[in-house]
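**Q** Build the 3D model from these lines:
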Amino acid sequence: MLLYAITSRRALPGDDSEQRRRLVTLALSWAGGGVDYIQIREKDLPLPELQSLTAEIVEAVRSTGSATRVLLNGPAQIALAAGADGVHLPSTPGLEPAGNPQMVGTAGTAVRAAAGAYQRAGREAIVSAACHSPEEIRRASGASLLLFSPVFEKVTAQKVTSGQGLAALRSAVEIAAPIPVIALGGVTEKNAAACIENGAAGIAAIRLFIGDAWRSLATIPSSS
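**A** Now for the predicted structure:
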């Protein structure tokens, strides 16, 4: 089972400085515990601070000697400068903040732009893309992996989002093939195995990875 941790420093205790410190410590724990991907999702940070935090996390992850890959939910140029392995693209690129050419236009265009930025620097990018429907899956052709959501009901302080269910996940896997699909949205240690049984290559989450429950999932094999 691929494990894909998504950051949210605001979910951690302390002031901004303490939250950043705790986030880097979490990243070390994830890398040491077998997490395959870390998506840095800190959209409220100004780009210089985002680059600095990303570089700090990349350095921490590299220090473990693990195979964990760090992706930035942000501009490819910032990801490159920080040493990240690639980027994550949201499903609504036209609505993303200005100044990010990787997130303008169709999903396919965004994927190619992000990959191209890395190619020009002599590197190969890992590009994950968020998808919520068959149409979005098809538009994201060329991505390295897809995050399909929400699979299960997602409850936040702001709202409750209904899940699309395991049948929709299974359909997404079939449409996306051979691109791996990661299940996102309401995923816990209790329902993660069901995602794998329905074809997902792994699971992604924010809250699940803040605690230690995710560690029990590292030994579950991906679906064949």
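
**Q** Let me know the secondary structure of the most centrally placed residue in the chain.
**A** In the chain, the centroid-proximal residue (CA atoms, centre = their mean) is residue 39; its distance is 4.1 Å. Recorded secondary structure, residue 39: strand (DSSP: H, G, I helix; E, B strand; the rest coil).

**Q** continuing past the lowest-mean-pLDDT helix or strand in the chain, what's the next helix or strand?
**A** Lowest on mean pLDDT, DSSP states H and E among the helices and strands of the chain sits strand 154-155, with a mean of 77. Using DSSP states H and E, the next helix or strand after strand 154-155 towards the C-terminus is strand 160-161.

**Q** Remind me what that next one packs against, helices and strands.
**A** strand 154-155 (3 or more CB pairs under 8 Å, 6 or more residues apart in numbering; DSSP states H and E). Backbone N, C-alpha and C define where each C-beta goes, glycine included.

**Q** And the contacts of the strand it packs on?
**A** Under the criterion CB atoms under 8 Å, 6 or more residues apart in numbering, residues 160, 161, 163, 185, 186 lie in contact with strand 154-155.

**Q** Going along the chain, name the helices of the chain.
**A** Remark: helices assigned in the chain by DSSP state H are 16-33, 47-63, 76-82, 107-120, 134-139, 166-176, 192-197.

**Q** Let me know which of those is the nearest to residue 156.
**A** Across the helices of the chain, residue 156 has its closest neighbour in helix 16-33 (18.2 Å, CB to CB).

**Q** which of the helices of the chain is buried the deepest?
**A** helix 76-82 (a mean of 22; mean count of other CB atoms under 10 Å).

**Q** which residues are contacting that helix?
**A** So helix 76-82 is contacted by 47, 50-52, 54-55, 58, 71-72, 86-87, 102, 113-114, 117-118, 121, 123, 125 (CB under 8 Å, 6+ apart).

**Q** Top of the contacts of strand 154-155 by number of neighbours, please.
**A** residue 185 (21 neighbours; other CB atoms under 10 Å).

**Q** list the contacts for that residue?
**A** Residue 185 touches 149, 150, 151, 152, 154, 161, 163, 164, counting by CB under 8 Å, 6+ apart.

**Q** who's in contact with the last one?
**A** In other words, residue 164. 132, 149, 150, 151, 185.

**Q** Does the fourth one touch residue 181 like I think?
**A** No. Judged on CB atoms under 8 Å, residue 151 makes no contact with residue 181 at a distance of 10.1 Å.

**Q** can you give me the offset of the least confident helix or strand of the chain from its chain's centre?
**A** 18 Å (CA atoms, centre = their mean, to the nearest Å).

**Q** one step back: export the contacts of residue 185 as CSV, with columns for distance to residue 194.
**A** Converted to CSV, the contacts of residue 185 look like this (distance: CB to CB, whole Å):
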residue, distance to residue 194
149, 15
150, 14
151, 9
152, 9
154, 16
161, 18
163, 12
164, 13
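
**Q** Please narrow the residues you listed to those residing in strands.
**A** Residues of those located in strands (DSSP state E): 154, 161.
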